[in-house]
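Chemist: fold the following, please.
(chains A, B, C and D)
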Amino acid sequence: MTDQNHLLQFLLRQGDNALILSHRVSEWCGHSPILEEDIALANTALDLIGQTQMWLGYAAEVQAEGKSADDLAFLRDAWDFRNILLVELPNGDFGRTLLRQFLFDAHQSVLMGRLIKSSDDTVAAIAAKASKEVAYHVERSADTVVGLGDGTAESHERMQAALDYLWPYVGEMFTSDDTDTAMAIAGIAPEPSTLRDEFHALVTRVLTDATLTIPGGRFSHKGGRTGEMHTEHLGHLLATMQWLQRAYPGCEW
Amino acid sequence: MTDQNHLLQFLLRQGDNALILSHRVSEWCGHSPILEEDIALANTALDLIGQTQMWLGYAAEVQAEGKSADDLAFLRDAWDFRNILLVELPNGDFGRTLLRQFLFDAHQSVLMGRLIKSSDDTVAAIAAKASKEVAYHVERSADTVVGLGDGTAESHERMQAALDYLWPYVGEMFTSDDTDTAMAIAGIAPEPSTLRDEFHALVTRVLTDATLTIPGGRFSHKGGRTGEMHTEHLGHLLATMQWLQRAYPGCEW
Amino acid sequence: SDQERAFQDKIDADIKIEPRDWMPDDYRRTLIRQIGQHAHSEVVGQLPEGNWITRAPTLERKMILLAKVQDEAGHGLYLYSAAETLGESRDELVRLLHEGRMKYSSIFNYPTLNWADIGAVGWLVDGAAIVNQVALQRTSYGPYSRAMVRICKEESFHARQGYHAMMKMAFGSPAQKKMAQDALNRLWFPSIMMFGPSDSESTHSEQSMAWKIKVKSNDELRQQYIDQTVPQIEYLGLDLPDPGLKWNAERGHYDFSEPDWSELFDVIKGNGPCNTDRMNARVKAWDDGQWVRDGLMAHARKKAARQHAAE
Amino acid sequence: SDQERAFQDKIDADIKIEPRDWMPDDYRRTLIRQIGQHAHSEVVGQLPEGNWITRAPTLERKMILLAKVQDEAGHGLYLYSAAETLGESRDELVRLLHEGRMKYSSIFNYPTLNWADIGAVGWLVDGAAIVNQVALQRTSYGPYSRAMVRICKEESFHARQGYHAMMKMAFGSPAQKKMAQDALNRLWFPSIMMFGPSDSESTHSEQSMAWKIKVKSNDELRQQYIDQTVPQIEYLGLDLPDPGLKWNAERGHYDFSEPDWSELFDVIKGNGPCNTDRMNARVKAWDDGQWVRDGLMAHARKKAARQHAAE
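Modeler: Numbers count the residues shown, from 1 in each chain, chains lettered A, B, ... in the order given. You can find the predicted model right below:
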C-alpha cells in the first residue's frame, strides 16, 4: 500500500468512527429519559458529525478522486467502512449507550492528545478542534456512567450488564496493522497499542468510581477498522442512513 | 382517469397490500414464540409474496411501460404505494400481528369470493388461486385469535389492546373512490362498502369467541389506498426492502 | 377587589406580571395550561422531525436538522421553567400529558413522509408558530414573555433554514420538486389550523385578551401568516395548495378556503394520523427512562451524604 | 452383558435401533446430545439467513430464502421429535440451549454481511452439512436416520439454490462479483471447520463410530467436501480462498491449509462474532413468547373442559 493509501485508511477510520457513532447517538433524538439528555445527546451527535466532515473531507482530498465527504458517507457499502465494531452496535438501553460513549470518548481523549502533535498539519488541526469537544464529552459521559453505576441496584445491574456486553469490543481500538505502523513511522499518528495504558488508567478510575467490575476475559472482537468483518448491524444502519442518496442519486439537497 | 388507469390503481392496491403485509410477516422469521409459528408465519408470507407477483405482474402489464412486478415492488417510493395503512403498521407483539392478519384475512376471504366472478379473466384467475390460500389463512389466524383472546388474563388483555389499536384502521378497507366505482361499473370488482356486512358477521363471530370487545368509535384512518397519506412507518419499511435494488441498480439477482 | 384592579391596571399599563406578584387564580391556571401545552408541543414536536434525522441526505442537512430538534428540546426546557414559576412542576405537567389530560399542538400529529416535509415543517409550521409567538412577546406574564423573545429568535432562524431546504427541493430534480409540492399540499391546511378555530367559535378568548395572555385574535394571526406565506409559495414556483387562495385587493389580504375544521376536531379528539404513535413514543421514553432518573437521583443523594459525612 | 452384546450385534448387522429397543445409557445420552445440537443448529441457523429476508433483492429471491428458512425450522421440528423418542422433551433441550449448556453449530456465529452470503450459506454451509448428513443417513438410530433422509433431500435442494444464487453474483456486475468473492473468503474456513477438529484431536469418536452414531471421520468428510467444492469455485471464476488449495495427484485429493483452529475454539467458547446476538435473539423470542404459549395452552384446557362438560 502506498503512503497516501495508508493515510486514506487512517482518515477513514477516524471519520467512520465519528459518522457511525453520530448516527447511533442521533437515534435517541426525542426518546431519551430526560429532556436535558435529549439536548446533550444531540450535542454529542452534532460534534461527531462536525468531526466526520473534517476527517472524511480530508480523506476525500487525499483520495483525489473528486469525491466529497458526503460521497464517502452516503455512497460506500458496509465493506468499505473502517469504523470499529463498538460504534455500530445497537444502542441498547440508555445506560449502554452512555457507557459506549464513555469508552469511545476515553479513547478519543487520549488519541486526540497525541494527534494534536501530528506531523500532518491537517490532522493536527482537526485533532486540535476535536480535542476540545472530546474533553467535554468524556467529562459528561464519565459523570453519567458514575451516576448510573453508583445509583440504584437496578441501574448498577444494568450498567454492569452493559459493560460485560461492550468490553469485548474495546480491544479493537488498540490493534495494529500496516497502516498503523506506517502512520507511526511518518509521525502522523501513534501506534494504537501505545494508548492502552493511559486509556486503562482513565477507564479504571471512572469504572471504579462507578462501582463496576471490568470483565476478566482477554478476548476481543475485531474486523471493523480493517473492514474484514463488520457486524450484521452496520448494513441495517446504512440502509437507513443512505436511503435518500441511494434512491435519488445525483441530487443537491 | 382512464379505465386502464383505474384498473392499474385497483391492481396496485391488491398487490401492495400483499407485498407490504408479507414484509411485515417475514420480519418474524426466527423470532416467533413457537417453532410451529415460525413455519406458519413463513408460509403466510410466502403465499402473500406469490399473490404480490400475480397482482403486480398484471399491474405492470396493464401499465404497459415495460416494467416488471419487481420494478413496481422495489423502485417506487412511499407515495406511489396503494396499500391500506393497516398492513404497514409495525408488528407489535405476536398477538397484534396475528390479529392484524385475521382482520386482513377476513376481508380478503370476502373479497376473493367476489373477485373470482370478476369480468376480468386475469383478476378472476388470480382470485381463484388466492382464495384457496386465503381460506386457509383466515381459518388459522381466527383460531389463534380465539386461542389468545380466550386464553389467560394476560393474553386476553394483550389481544384487547391489539384490537383497540388496530380497529381504527379497519374502516379504510370499505372506503370508496372513483376507482372503486369504475371497477364496480366494469364488473371487475365490487364496491368495497358491499363487503362490509359479510366481513362484520365473520369478524364479530370470531371476536366474540375470542371474548374480545370491538371498540365503539366510528373513526377510521385512511390515506393508504389512495396514496394521499401513509404512516411514517412505510418509509422505513421501504428503506430496508428496497436497499439492494437502490444501491445496485440494474443488476440481475 | 383592590388586588384585581391593581393587577388589571398593571396589565393595561404594559407592566409585566412577575412570579411573586399577586395574580388571579384563573390567570395562573390559564397561563399554566397555555405554557404547559406550548412546552409539550416543543417536546412532542421533536418526533416528526426526529423521524428523518437518521435519513437526512447530507452531513450538513443532518447537522441543521439535529440542531433544530435540539433547540426544540431547549424551548421545552425554558417553557417548563416558566410554568414552574407559576408553581407547577415539570413532572406534574408531563404526567398530565401522558395521561391524556393535557394537549400539545395538533400539527405534530401529522406525519413527515418525505424529505421535503422537513423543509416544510420549518417553513410552514415554525413560520406559523412565529406569527403567534411574536405576538406573545408582548404577553403580560414576564417569564413567558421573555421565553418568547428567546424562542422567537431561534424559530425565525429555523423558518429561514426550512425555506432554504424547500428552495433546494423546489428548484431541484423533478422528483425533488414533486416532494416539495406533496409536502406543501399535505401541510398547508394543518398549518393554517394551528391558529385555532375562527374567532366566532373560539372560547376563553375575551378574558385572555383582556389579561394579555392572548394578544391577537386567531383570525388576525391566521391572515397574517397566509399573507406572508403565499408570495413565498409563488417564489418557489409551486402550485398553490388551495384553489381558494386569491389576492383580494379590496381587503388588502389573501382570501382562502375554509379549512376542514372537522378534521382538526378529529385530531384534537385523538384521531389524528399520528396521535397514538406520538403519545406511545413519549410515554415509552419516559417509562424506559425511569431507572435512569432514579439511578442518577440515588447517586446524587449518596454523593451529598458522603460529602456531608466528610465535613 | 448379554443386552449389550445383542445391541452391538444389531448395529454391526446394520439393523436400526428403534425407540422401544434396549440401548446403553451412554448411547442414549450421546444421541440426545448430538440430535439436540443438530436441532438447535437448525433453529439458530434461521437467524443469519433471516437477516436478509427483509432485504432480498427480488420477489423470487425473497420467496426462495423464506422457503429455505422455513425448511430449517421444519428440520428443527423433525430433530426435536427424534430426540423426544429418546425421552428428552423439546422444552428441556431448549432450556439447556438458552442456559448455554448445549451448543449449536459454530458456523451460525458468523455474520451474513452482503447478499452473496445468502448464496454462500446455501452453497457452502448446506453443502458441508449435506456431506455430514448423507453419511448420517446410515446412522444406527432409526428415527435419526429417517430424519436425515428427509432432511438431506431438502438440503440438497438448498445447496443447489445457493449455488445458483452465487452464479448470478459471480457472473453479474463487478460489485456483485466482489460480493461473491467477499462471501467466499469469509465463509470458506468456517465451513471447513464445520466437520470438527482433526481426527487426531477429536474425542468420543471411537465409541461413536462403533455405535454408528458417527459413520465417517471428521477428516474424511472434510476432504470430501473440499474435493467437491473447489471445482465449483473454479467454475464460478472466483479466486480460491486459500492459497494452500492445490490438486495433489498422488493423493487424488486437494491439499489445503490448516484452518486457524484457535478461532474455532474461540467461537465455541462463546467469542464468535455473533454468539451473543444469536443467543440473545433466541432467548428474547422465547421469553417474549411465553404469554403466547401460556395463552394457547390455557385456551386448549378451557376448550377441553367445555367439551367434557357438554358430554
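Chemist: got the confidence number for C:Ile130?
Modeler: What the model reports as pLDDT for C:Ile130 is 94.
Chemist: same question for A:Thr2.
Modeler: For A:Thr2, pLDDT reads 83.
Chemist: that one and A:Gln63, how far apart?
Modeler: According to CB to CB, to the nearest Å, A:Thr2 and A:Gln63 sit 12 Å apart. Where C-beta positions appear, they are placed from N, C-alpha and C, glycine not excepted.
Chemist: again, but for C:Arg28
Modeler: From C:Arg28 across to A:Gln63, the span is 63 Å (CB to CB).
Chemist: the closest residue to chain C within the stretch 1-150 of chain A - nearest residue in space that isn't next to it in sequence?
Modeler: Nearest residue of the stretch 1-150 of chain A to chain C (CB to the nearest CB) works out as A:Pro33 at 2.2 Å. Counting by CB to CB, 6 or more residues apart in numbering or on different chains, A:Pro33 lies nearest to C:Gly289, which is 2.2 Å off, once chain neighbours are set aside.
Chemist: helices of the stretch 101-250 of chain A, residue ranges please.
Modeler: In the stretch 101-250 of chain A, helices defined by DSSP state H, counting those that start in this stretch lie at A:121-149, A:153-166, A:178-185, A:196-209, A:232-241, A:243-247, listed in chain order.
Chemist: and stretch C:250-259, end to end?
Modeler: Terminal residues of stretch C:250-259 are spaced 22 Å apart (CA to CA, to the nearest Å).
Chemist: return the set of buried residues in it.
Modeler: For stretch C:250-259, burial by neighbour count (16 or more other CB atoms under 10 Å in any protein chain shown) applies to C:254, C:256, C:259.
Chemist: re the thing from before, give me the number of residues near the residue of the stretch 1-150 of chain A closest to chain C?
Modeler: 23 (other CB atoms under 10 Å in any protein chain shown).
Chemist: kindly report the same for C:Arg306.
Modeler: So C:Arg306, with other CB under 10 Å, has 10 neighbours.
Chemist: one step back: between A:Thr2 and A:Gln63, which one's more packed in?
Modeler: A:Gln63 (18 against 8).
Chemist: residues near the closest residue to that one other than its chain neighbours, how many?
Modeler: Excluding the flanking residues, the one nearest A:Gln63 by CB to CB, 6+ apart is A:Leu8, at 5.5 Å. Using other CB under 10 Å, A:Leu8 has 21 other residues around it.
Chemist: please identify the helix or strand for A:Leu8.
Modeler: helix A:3-26 (DSSP states H and E).
Chemist: now that helix against helix A:232-241, angle please.
Modeler: 80 degrees (axes from the mean of the first three to the mean of the last three CA atoms, to 10 degrees).
Chemist: which helices and strands does helix A:3-26 pack with?
Modeler: helix A:35-63, helix A:69-74, helix A:85-88, helix A:94-115, helix A:178-185, helix A:232-241, helix C:59-84 (3 or more CB pairs under 8 Å, 6 or more residues apart in numbering or on different chains; DSSP states H and E).
Chemist: hmm, try it at 6 Å
Modeler: helix A:35-63, helix A:85-88, helix A:178-185 (3 or more CB pairs under 6 Å, 6 or more residues apart in numbering or on different chains; DSSP states H and E).
Chemist: can you name the residue of the stretch 1-150 of chain A nearest chain B?
Modeler: For the stretch 1-150 of chain A, CB to the nearest CB, closest residue to chain B: A:Asp77, 6.6 Å.
Chemist: ok, how many other residues are close to that residue?
Modeler: Neighbour number of A:Asp77 under other CB under 10 Å is 18.
Chemist: find the residue closest to it in space, skipping its chain neighbours.
Modeler: Nearest one to A:Asp77, counting by CB to CB, 6+ apart, is B:Ala247 at 6.6 Å.
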